[in-house]
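Enquirer: I would like the atomic coordinates for the input below:
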Amino acid sequence: MILPDPEGRRDLTPALTARLCDRRAGIGADGVLRVVRTAARPAAAGPGGQRPEGGRPDEADHAEWFMDYRNADGSIAEMCGNGLRVFARYLLEHGLAAGPSFAVATRSGARQVQVEPDGRITVDMGPVSVLGPGRAVVGGALRDGLRISVGNPHLACLVDDALGKFDLTAAPGLDPAHFPAGGNVELVQVTGPAALSMRVHERGSGETRSCGTGAVAAAAAAAALSSSATKTVPGQWHVTVPGGALTVTLDAGTSWLTGPAVIVAEGELDPGWMTSASSASPS
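Expert: Numbering: from 1, shown residues only. Modelled structure (predicted):
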């Protein structure tokens, strides 16, 4: 959900965010993308008050717009790849940015956006760091994976079983020593040369139909762990998620995420509802 607030005047409380994202009591979303001018952006600290894990924070001051991303439970997140693509689409459609290339500030630093000739949007996801092995308890079973940072924390687990068999209704259990502020967990299956399928449980949102940073983390894990996947294009991976298909390109310095970005509706929120939702307890 995109919430325009150019001057940063809206008090986007955790309660209001959670109510907006509630699919029964609000509008329904996996998170809120607040559109704020970089000069009016809130404090840059990420979850738990830590500094951004990756990206180029100093360059964020040169981007006109800041993507203030909140998870569905109201918590603050560093980065959202799919969110950044639709955030860029909103800026373009409302005349707030001019293509085909511009920068957007995030809590993980400035991210470059590129509009492709076919209308898809590519975003610079920043450098990917493979931090080492890790484990998660998924549906009562222990799963091995790789800890990966894409400006936010991930555990990508390559699996041989069909993805549909896994229970992601509950948050996977992560080692707090490796994930002190929680993390996203990807279940990844290599389906062909440079091709993956993925399901993801996102920190603060539950299972979602797609996750851009998760797709990058999945590709990085597959590149590091899968000897059976022969890349047809150096560094390029095709990632299928329940919500569609994405292309991830990895190189030595950064990573790129390409996919469609469509805004399906626009409307107005009742001011009275907004006021009451700001202080209400999430249902």
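
Enquirer: quick one: list the elements packing against the helix or strand bottoming out on mean pLDDT in the chain.
Expert: For the chain, counting by mean pLDDT, DSSP states H and E, helix 271-279 ranks last in confidence among helices and strands (a mean of 85). Here helix 271-279 is seen to pack against helix 14-21 when contacts are counted using 3 or more Cβ pairs under 8 Å, 6 or more residues apart in numbering; DSSP states H and E. The way it works is simple: take the backbone N, C-alpha and C, and place the C-beta from them, glycine included.

Enquirer: same question for whichever helix or strand comes after the helix it packs on, mean pLDDT?
Expert: The C-terminal neighbour of helix 14-21 among helices and strands, as given by DSSP states H and E, is strand 31-37. Mean pLDDT, computed over strand 31-37, is 96.

Enquirer: what does the following helix or strand past strand 31-37 rub up against?
Expert: Along the chain past strand 31-37, the next helix or strand (assigned with DSSP H and E) turns out to be strand 65-71. In this structure, residues lying in contact with strand 65-71 by Cβ atoms under 8 Å, 6 or more residues apart in numbering are 5, 12, 14, 17, 31-38, 40-42, 60, 76-80, 83-84, 87, 91, 96-97, 104-107, 202-205.

Enquirer: can you say which of those are buried?
Expert: By neighbour count, with 16 or more other Cβ atoms under 10 Å, the contacts of strand 65-71 hold 12, 17, 31-38, 41, 60, 76-80, 83-84, 87, 91, 96-97, 104-107, 202-205 as buried.

Enquirer: so where do the strands sit in the stretch 151-283 of the chain?
Expert: Assigned by DSSP state E, counting those that start in this stretch, the strands in the stretch 151-283 of the chain fall at 153-158, 173-174, 184-192, 195-202, 206-208, 236-241, 244-250, 255-259.

Enquirer: show me what the first one is packed up against.
Expert: With contacts defined as 3+ Cβ pairs under 8 Å, 6+ apart, strand 153-158 has these neighbours: strand 129-138, strand 141-149, strand 184-192, helix 212-225.

Enquirer: likewise the last one?
Expert: For strand 255-259, the helices and strands in contact under the criterion 3+ Cβ pairs under 8 Å, 6+ apart are helix 81-93, strand 121-124, helix 212-225, strand 244-250.

Enquirer: need the winner for burial among those.
Expert: The highest mean neighbour count among the helices and strands packed on strand 255-259 belongs to helix 212-225 (a mean of 26), with neighbours defined as mean count of other Cβ atoms under 10 Å.

Enquirer: just to revisit the earlier point, pipe the strands of the stretch 151-283 of the chain into TSV and attach mean pLDDT per row.
Expert: Converted to TSV, the strands of the stretch 151-283 of the chain look like this (pLDDT from 0 to 100):
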stretch	mean pLDDT
strand 153-158	97
strand 173-174	97
strand 184-192	96
strand 195-202	97
strand 206-208	95
strand 236-241	96
strand 244-250	96
strand 255-259	96
